[in-house]
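# With the sequence up front, the predicted model follows.
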Amino acid sequence: MNWGALESLLSGVNKYSTGFGRIWLSVVFVFRVMVFVVAAERVWSDDQKDFDCNTRQPGCANACYDLFFPISHTRLWALQLIFVTCPTFMVVMHVAYREERERKYRIKHGESARLYDNTGQKHGGLWWTYLLSLFFKTFIEVAFLYLLHFIYKNFELPRRVQCELWPCPNQVDCYIGRPTEKTVFTYFMVGASALCIVLNVCEIFYLIAIRMVRISHRGRHHTSTSKRRFSEPDCQECQKTTADNDNMYNSAMIDKSSSTF
């Protein structure tokens, strides 16, 4: 797989991401993609050849290997990296949609007209798209970690496993090649995935907190503006009403005095 093409596509997301998003992208490529390409693939490249059973019955080793390794670690991690980066493209496509709308709007209303202050600013629909992408990434990370734990019972590979599937003549012992090295890489990839989950959760709370602060500030600003808008006319109206009442009172007193005299 061409991981460089994936990196070039995701690198454009940095200008739309928050600080947590940039850290997440660095963790994905430095601690996951690079380790996967440079070391992990080589560690598991000959895992089936190194899976040795104490029998020479044809097909027995293949059956036992398929039982204990239904999905290879490397293929599972490759799928995880692909699926976990796909939600990020939602943000890129939404920004591209905004830019196309902006281009058509300028063609129709002139070059000085603007539909968006900044097409990459996380307001309105783009904020929701970004937030949903974080939820999708978090869900995918958790789902793959659970799948890895469910398939292999735990993240530590044993040195010896027992198998009695057909065509094995009886219960045989099979030995996994370099189990310690594979266990170390498994824990490393699981730890990097857990770190990405923490970063996604922190970014979700950060976005929601910033949005609540902006809404609160906007509400206070709107309230203060409304008070300024209605307070001055109300005061003028009160003064006018008071003056009219005084005039009516003075007129009544003059009429009363005239009638008395």
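Looks like it arrived, so ask away.
# And for the closest residue in space to residue 133 that isn't next to it in sequence, the neighbour number?
Leaving aside its chain neighbours, residue 133 sits nearest to residue 87 (3.9 Å; criterion: CB to CB, 6 or more residues apart in numbering). In this view, the C-beta of every residue, glycine as well, is placed from N, C-alpha and C. Here the number of neighbours of residue 87 (other CB atoms under 10 Å) works out to 19.
# Report whether the expected contact of residue 87 with residue 137 is present.
Yes. The criterion here is CB atoms under 8 Å, and residue 87 meets it with residue 137 at 5.1 Å.
# how many neighbours does residue 94 have?
20.
# so which helix or strand takes in it?
helix 88-109 (DSSP states H and E).
# right, and the helix or strand after that helix?
Downstream of helix 88-109, the first helix or strand assigned by DSSP H and E is helix 125-152.
# Can you give me the buried ones in that following helix?
By 16 or more other CB atoms under 10 Å, the buried positions in helix 125-152 come out as 126, 129-131, 133-134, 136-138, 140-141, 144-145, 148, 152.
# repeat for stretch 69-81
69, 73-74, 76-78, 80-81.
# In a markdown table, list those along with secondary structure.
Output for the buried residues of stretch 69-81, formatted as a markdown table (DSSP: H, G, I helix; E, B strand; the rest coil):
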| residue | secondary structure |
| --- | --- |
| 69 | coil |
| 73 | helix |
| 74 | helix |
| 76 | helix |
| 77 | helix |
| 78 | helix |
| 80 | helix |
| 81 | helix |
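# Farthest-apart pair in the residues you listed, please.
69 and 81 (19.3 Å; CB to CB).
# Check the average confidence over the helix holding residue 94, would you?
Averaging pLDDT along helix 88-109 gives 82.
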